[in-house]
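J.: How does the following fold in three dimensions:
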Amino acid sequence: MLRPVRRSRSTRRIAWLLAAFLSSGMSGRSSAQTSVPVEVRPAPDFSRNDLDRRPVKLAAFRGKVVLLDFWATWCAPCLEEMPRLVELQRKYKATGLQIIGISMDDDEPPVRAAYRKFRLNYPVAMGDGQLGELYGGIFGLPVIFLIDRDGRIRFRHRGAVDFATLESETQSLLSEH
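T.: Numbering: from 1, shown residues only. Next up is the predicted model:
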């Protein structure tokens with residue numbers, strides 16, 4: 001009988017780093033990219049607990065614009081974006097923006113440390129390959145999805161995000177309805 005291969009954390013991390021390396025144009029770092037065209041489709045629903053064990057269910061945010069950020073503590077561009085994401089959440093929360101962070105780390109302790117260090121003002125839940133697959137596979141980080149008030153994916157960013165573009169897209173989605 002064949003048994004599934006169990007990979008160690010270091011093997012999974014090497015696989016993630018290799019995927020990030022390959023998806024960044026072989027440069028060894030993520031390059032800034034503008035949004036990638038997407039087919040507008042419903043965002044797959046999910047339910048996870050945040051770091052405080054409170055449920056985070058995507059469907060509960062229907063009526064808001066959701067910025068779904070897949071990231072990890074070992075991803076330098078991810079960490080560089082955090083202060084800007086905190087600022088976006090602060091600036092647009094009252095008009096309907098909700099950022100949700102999905103950490104693709106293997107363990108919670110470094111995620112909790114990053115959460116405190118960057119004083120994140122939005123929920124962060126732990127992700128995995130299964131959640132990534134719902135969103136078409138996450139083959140490098142960061143990956144950001146912008147989801148409109150009706151729960152449809154409208155924009156996707158791979159690699160280090162251009163914040164002028166991200167803010168413009170966010171504003172356009174917030175102005176709808």
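J.: Show me where this structure has its helices.
T.: Using DSSP state H, the helices of the chain run over 9-23, 76-92, 108-117, 129-134, 163-175.
J.: Those: which one's closest to residue 39?
T.: With respect to residue 39, and counting by CB to CB, the nearest of the helices of the chain is helix 129-134 at 15.0 Å. Glycine gets a C-beta too; all of them are placed from N, C-alpha and C.
J.: average pLDDT across that closest one?
T.: Model confidence over helix 129-134, given as mean pLDDT, is 96.
J.: Against residue 143, how distant is residue 42?
T.: Using CB to CB, to the nearest Å, one gets 18 Å for the distance from residue 42 to residue 143.
J.: now swap in residue 134 and tell me
T.: Going from residue 134 to residue 143 by CB to CB gives 12 Å.
J.: what about these two, which has more around it?
T.: Counted by other CB atoms under 10 Å, residue 134 and residue 143 do not tie: residue 143 has more neighbours, with 25 against 14.
J.: give me the low-pLDDT residue ranges for this structure?
T.: Along the chain, the model assigns pLDDT under 70 to residues 1-37.
J.: what do you get if the cut-off is 90, keeping everything else the same?
T.: 1-40, 139, 177 (pLDDT under 90).
J.: Can you tell me how far residue 84 is from residue 144?
T.: Here the distance between residue 84 and residue 144 works out to 11 Å (CB to CB).
J.: between the two, which one's more packed in?
T.: Summary of the neighbour comparison: residue 84 and residue 144, criterion other CB under 10 Å, with residue 144 having more neighbours (23 against 13).
J.: check contacts around residue 73.
T.: 79, 103, 105, 110, 111, 113, 114 (CB atoms under 8 Å, 6 or more residues apart in numbering).
J.: Give me the buried positions along stretch 67-86.
T.: Residues of stretch 67-86 classed as buried by neighbour count (16 or more other CB atoms under 10 Å): 67-75, 77-79, 81-82, 85-86.
J.: Show me which of those is closest to residue 128.
T.: Looking at these and their distance to residue 128, the nearest is residue 70, at 10.9 Å (CB to CB).
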